[in-house]
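Asks: missing the sequence, but the structure's below:
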């Protein structure tokens, strides 16, 4: 009897050796795996093989013509010769011809030209053919970030495939025929005038230098390349910093390339690719600063300093580190000790701390420990309170975990993708590429958002509902699913509590009734509900359009209910994914940088939890951790304005730009007796400080970071901080020691705190891991070795869990808990005086409050102005033209911006980013908060608009 045939592999001969390979593998891929590198120019791993350059030709025995190894698949019994004379001569001739076209130009534009590399490898030392004419293509230098020099182009179409098929942007095409053929952008526009979003994927793909960074980084001398992770959004793209000397001989990051990390597989966006030179911006803080005697704190100074009307030196004097640390700590210690002497505890201690979601896990962990152990209060928070606090509140209540159930890349396995309240093309661009790719392969996309976005053209449905009516829309979908018998009865019976209460609560939420509220046609509501419930795998992704509402927790409860009643969770391609905003907001929350939770979301109110951390931290018995949940961001600002919070330590956060009702928030900060700010720039918050400590930037330090997929990754230093700036971890510990805490993470052997050191980071990480069970199987040694490990990971010898909740939810009984919701109008309603609805958010080129990106030269060049999107019909009615100055006025404040007419916003709606200090959007927003997540309602503010000169 014959042995069964293994259909998953084939056996063939490669250069005389018998090898096995997976069915469908290409000759080129198999050869590379066996150490044989075949010349290639049009081919690049990750891109679809094209076979147009013919530089990778090999000989297959018995075949008349040579085969392109990049797109020829292997077959059983095939005999392949990669080094036959015929194949080598063919490759050399191809490369000689390409060198005659583009070789001289390529050598002039980049030191890393693949064309000249392969020509040399194939023995092409001279060119016998006529050279391409010098005036073949004039350079296109119209884009701030990318230079186009098509005299080096060989039309390999790598850039086209990277743009269309990887990034899904459809900007690059190949126009004309024969000798006139050329790469074009849109309908042959200049790159600067095209729809290019500057992701730079084309630059990374180009093998010749025809597409390069605008500042000729390709000719720079590269002295080292350092693998790290992107400092911007929650996607967590892995990248490589390429470092070399500038004109003054100082080390700078010359350019960035994407790495094949689990979250990005080589892809980057404009911020990850070009938003790096902020680290060497001349406005970096390089020495500690102390407020000058007699220099009063005035919120108006913020804009005076920003406009250059008031020098920072007029408010602050330089200081030595010891002096600055002593002053910073002594002010905090005095306020603490005075309160303790009066018998005060918990929230009555007049101190608070804001940590950062841009810092590392170790910094977040150490900062919250400092506040709890050193300030003796739980008044510690960070920007999660302003982005996904309501999502986390609903998830903890509903399924026992605030983490995502499935990674973003699982959209590749989904049949139906429900994207609500999110614009990933702007906020999570690489994640958006996975959605584009999934739809292009056949998945159905439904977008639910009052605003349109670039994904809408791929969507089957765009539910442009009325702002602030999310609950009505979701309840209508639940009504349809329950009423039409589309519930997964077995899943509900086995794993869900509260179904009957939910069923009763949505009984009257018919599509007809909810349509009157949300503005979506009843038949469309039915069709979307059916599609979600009946697909093989449906996945929900949402952003701050869901969470940044006064009823954000109810919005998230509705999404949880959708997944639970249909059983669309706990399988690949399903689940619930709140897209995390900043690069480490997931990790900072995991590490306990929130007022009601110790690390790993263990409640401070639970005696056993506090006891475990008191033992871990060695807290003296006379100084137990406090049991009272601390104040949140907005509550802290109110307490400061009322004199109940009198001192603060702000590390890497900028509440004077990110908080709602900025006039109130800035006044509250200015009223503090003692404010310590640790940052890399003189942010709006730092201008109101008593002591400013110059910190380290992301590219200057070690640390771990946890992305939106629960993937923990390593960041490494590529540069030293400028001047006398120091490591954040070191500075936090120095403050702690001056507050009488016996910390010893940073040893003398680790240096003076200026340069990044791995050892103290590893020490903090290991202590953090001891209190966080999801990290049980991820010691620092494993993380540093493997670069990325998905959590939770129970064992060191096994991968983490990408998809969670497979068998049970981490609740007391292992079941999900459904919470019914009802539509209730929010406090911000339009009227005759304020006839528009304002939504705030982000733009592609800038991040959060702009502290980093507005100091990045190329990003600022692309997006220098505070644009306000409004519908063309509204603009016409108000006599406003595109690019005109406008003023926005709300019940809370006013700002001026620049009109940008766009049909992406509905009529009676306007949108603006909050990154611009000259048009600080949060001057306009109120501070009404969600009662559960304590998050402000940034997404809906009543506003009026008028033209200004």
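Replies: Looks like it arrived, so ask away. Since we're looking at a predicted model, the values are computed, not measured. Residues are numbered from 1 along each chain as shown.

Asks: Could you check how far the residue nearest the centre of the chain is from residue 385?
Replies: Centroid-nearest residue in the chain, with C-alpha atoms, centre = their mean: residue 233, separated by 1.3 Å. Distance of residue 233 to residue 385, given as C-beta to C-beta, to the nearest Å: 18 Å. Where C-beta positions appear, they are placed from N, C-alpha and C, glycine not excepted.

Asks: residues in contact with the residue nearest to the centre of the chain?
Replies: Contacts for residue 233 (C-beta atoms under 8 Å, 6 or more residues apart in numbering) come out as 269, 271, 427, 428, 429, 580, 581, 582, 583, 847.

Asks: mind redoing it with 10 Å?
Replies: Each residue near residue 233 by C-beta atoms under 10 Å, 6 or more residues apart in numbering is listed here: 269, 271-272, 424, 426-431, 579-583, 585, 707-708, 842, 847-848.

Asks: Okay, and which of these map to helices?
Replies: 271, 272, 424, 426, 427, 429, 430, 431, 585 (DSSP state H).

Asks: now the residues you listed in CSV, with distance to residue 702, pLDDT and neighbour count?
Replies: Below are those laid out as CSV (distance: C-beta to C-beta, whole Å; pLDDT from 0 to 100; neighbours: other C-beta atoms under 10 Å):
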residue, distance to residue 702, pLDDT, neighbour count
271, 22, 97, 25
272, 19, 96, 25
424, 29, 96, 24
426, 30, 95, 21
427, 27, 95, 25
429, 26, 97, 26
430, 24, 97, 27
431, 26, 97, 31
585, 20, 92, 27
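
Asks: quick check, nearest of the residues you listed to residue 128?
Replies: Residue 128 lies nearest to residue 272 out of the ones in helices among the contacts of residue 233, by C-beta to C-beta, at 42.9 Å.

Asks: Tell me the spacing between the nearest residue to that closest one once chain neighbours are set aside and residue 453.
Replies: Among residues not flanking residue 272 along the chain, residue 230 sits closest, at 4.3 Å (C-beta to C-beta, 6 or more residues apart in numbering). Distance from residue 230 to residue 453, counting by C-beta to C-beta: 21 Å.

Asks: Kindly provide the distance from residue 436 to residue 847.
Replies: Counting by C-beta to C-beta - residue 436 and residue 847 are separated by 21 Å.

Asks: how near is residue 370 to residue 592?
Replies: 11 Å.

Asks: where does residue 887 land in three-state SS?
Replies: strand (DSSP: H, G, I helix; E, B strand; the rest coil).

Asks: just use 22 as the starting number from now, easier for me
Replies: OK, 22 is where the count begins now, so the last one is residue 908.

Asks: what bridges to it?
Replies: Note on residue 908: beta-bridge partners residue 917, residue 967, judged by DSSP bridges.

Asks: Can you get me a residue count around it?
Replies: The burial count assigned to residue 908 is 15, neighbours taken as other C-beta atoms under 10 Å.

Asks: Confirm for me that it is in contact with residue 919.
Replies: No: using C-beta atoms under 10 Å, residue 908 is not in contact with residue 919; the gap is 11.1 Å.

Asks: Give the residues shared as contacts by these two.
Replies: 889, 940.

Asks: remind me which residues of the stretch 572-721 of the chain are low pLDDT?
Replies: 642-643 (pLDDT under 70).

Asks: which secondary structure element contains residue 898?
Replies: Residue 898 belongs to helix 893-899 when assigned by DSSP states H and E.
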